[in-house]
Each structure stands twice: as structure tokens, then as C-alpha cells.
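Visitor: heads up, no residue letters with this:
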């Protein structure tokens, strides 16, 4: 994929994959535009599927090389929570930490084993009740 991109585009993907902002990645990659123009050009670049695929490939490569795991993610989220100047970033980092520790579960996350066990228990209870009911009816006949 990288061979379809020029050197600046490859560099841009490299930096975006490493969580640089669009403007920072544009500057590091050698683009001369700044501010709103850099963000606009970067946004335009990221509409190119070759660019987005290369950014994703670079991110996966980082995970493989750095062996990113729960410990690494927890460490990075702690750094953001403690050092960020923006409250929104601190709150988001704390939310991520809570999720990593299992203290926060999105409503969309459902433990299917728990649901299946509950349904199985309810079904067994229903069968027992139906069985008792059938025995009682049999005695009455």
C-alpha cells in the first residue's frame, strides 16, 4: 500500500498513526501549510482510502512492535488523566481507565453467558412448574 503514496503522504500516515494531530502530522511530514489550511488538507488526505489504509496498517504495526497490552493502555490513560490541561481529555482518560478495569460497562456491552444462564434457569423453572401442573391434572382425572 505504501508504494502508492508519495514520501510526504507516507510520512503523514506514519505520524497520524502515532496520534499526532492532523496539523502536527502535516508539519512533520514536510507540508508547509499551517492552521486551518493544514487541517483542511489533512482532512482531504484522509478521505483517500490509500491514506486511511496506510494509517491503519501503521497503527497495527505499532501494536505488534510495542506489544500494546492492558498495562500499556492503562499507563497511557493514567498519563493523560494526570497531565492533560483539558478537563474533557482527563475525563475521557478516566472513563477509559474505568472500562479497562471493568468498572464501567457501556449499556451495549452484554454478558451473553449471564443472559443465557438466566434464561436457562427460567426455562428449567417453567418446565418444573409445568410438570407439577401436569401431575396435578393427572391426579384429578
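Guide: The structure has been received and is ready for your questions. Note that the coordinates shown come from a computational prediction; the quantities given were computed from them, not determined experimentally. Numbering: from 1, shown residues only.
Visitor: low-confidence stretches in this structure?
Guide: Within the chain, the stretches with pLDDT under 70 are 1-3, 63-69, 105-117, 119, 131-141.
Visitor: change it to 50
Guide: Of all residues in the chain, none has pLDDT under 50.
Visitor: quick check: domain ranges of it?
Guide: Per automatic domain parsing, the structural domains of the chain span 2-66, 70-100, 110-141.
Visitor: can you give me the helices for this structure?
Guide: All helices of the chain, identified by DSSP state H, fall at 7-17, 22-28, 35-45, 49-66, 70-83, 87-100, 112-140.
Visitor: separation between residue 121 and residue 129?
Guide: 13 Å (CB to CB, to the nearest Å). C-beta coordinates here come from the backbone N, C-alpha and C atoms, glycine included.
Visitor: how many other residues sit next to the nearest residue to residue 12 once chain neighbours are set aside?
Guide: Distances taken as CB to CB, 6 or more residues apart in numbering place residue 29 nearest to residue 12, at 4.0 Å, with adjacent residues excluded. Neighbour count of residue 29, defined by other CB atoms under 10 Å: 21.
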